[in-house]
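J.: pasting the structure only:
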Ligand SMILES: C/C(=C\CNc1ncnc2c1ncn2[C@@H]1O[C@H](COP(=O)(O)O)[C@@H](O)[C@H]1O)CO
C-alpha cells in the first residue's frame, strides 16, 4: 500500500517522535511505501529513516523551493513546481493518507484532502494518529460541524481518528 503521511517538519520531543517512529516501523515492516514531502527535516526525516530501516520504500514529493532539504536515499524523488502541484501529486500517489502531529503545513494538507473527499473528488481513507490528544481540538470542531449540518457526508466517511499506530493500520485494513 502507498501510504501518504503528512507530519511536522520540526524535531519534536519523545512524546511525539516515539509514536511516529513506531508508526514508521509498522509501515516499513508491513512492506508498505511511504509517500511524503521528501524532506529530511524534523519528524519528516525521522519518519523516512525509520521506514527505510524497517525495509519500507520511500517516495518523496518535494517542492522546488525546498529541494535543498531533500532526503538523501529515497527510492524515488518527484519535484513539483509549487505547493499546490505537490499536494495533488501526494494525493494521486496515495492509497491512504495518515496524519501525524504537525503544524500549519500539515493542516493545509489535511484540510485539502478532506475538502476533496467532501466533493467526491478523492476517496481514499484519511486517518489521523491522535498522539497525546494533539488533535482533540480539531476533532471537537469537526464533530460540531457534523452534528450541526455543516458537512454533506458523515464525518466518519471523511476522516477517522486513531489513538495508536497499531490502530491506524487496523483501520486501514478494515
Ligand atoms: C522546517 C524547515 C524546512 C521545511 N521543509 C519542508 N520540506 C518538505 N515538506 C515540507 C517542509 N515544510 C513543510 N512541508 C510540508 O508540510 C508538512 C509539514 O509542515 P508543518 O507546518 O511542519 O506541519 C509536511 O507534511 C510536508 O509535506 C526548516 O528546517
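T.: It's in. It should be emphasised that the depicted structure is a prediction, and the values quoted were computed from it without experimental measurement.

J.: got the buried residues for stretch 113-125?
T.: Applying a neighbour-count criterion of 16 or more other Cβ atoms under 10 Å, the buried positions in stretch 113-125 are 113-114, 116-117, 122, 124-125. Heads up, the C-betas are built off the backbone N, CA and C, glycines and all.

J.: For whichever residue of the chain sits closest to the ligand, which non-adjacent residue is closest in space?
T.: Closest approach of the chain to the ligand (Cβ to the nearest ligand atom) occurs at residue 105, with a separation of 2.2 Å. Of all residues not flanking residue 105 in the chain, residue 9 sits nearest, at 6.4 Å (Cβ to Cβ, 6 or more residues apart in numbering).

J.: Verify the stated contact: the one you found with residue 37.
T.: Yes: Residue 9 sits in contact with residue 37 when judged by Cβ atoms under 8 Å, with a separation of 7.3 Å.

J.: about what we covered before: out of the buried residues of stretch 113-125, who's nearest residue 76?
T.: The nearest member of those to residue 76, counting by Cβ to Cβ, is residue 124 at 19.2 Å.

J.: OK, contacts around the closest one?
T.: With contacts defined as Cβ atoms under 8 Å, 6 or more residues apart in numbering, residue 124 is in contact with 91, 94-97.

J.: Give me every residue in this structure lying close to the ligand.
T.: 6-10, 37, 39, 41, 44, 66, 69, 102-106, 109 (Cβ under 6 Å from any ligand atom).
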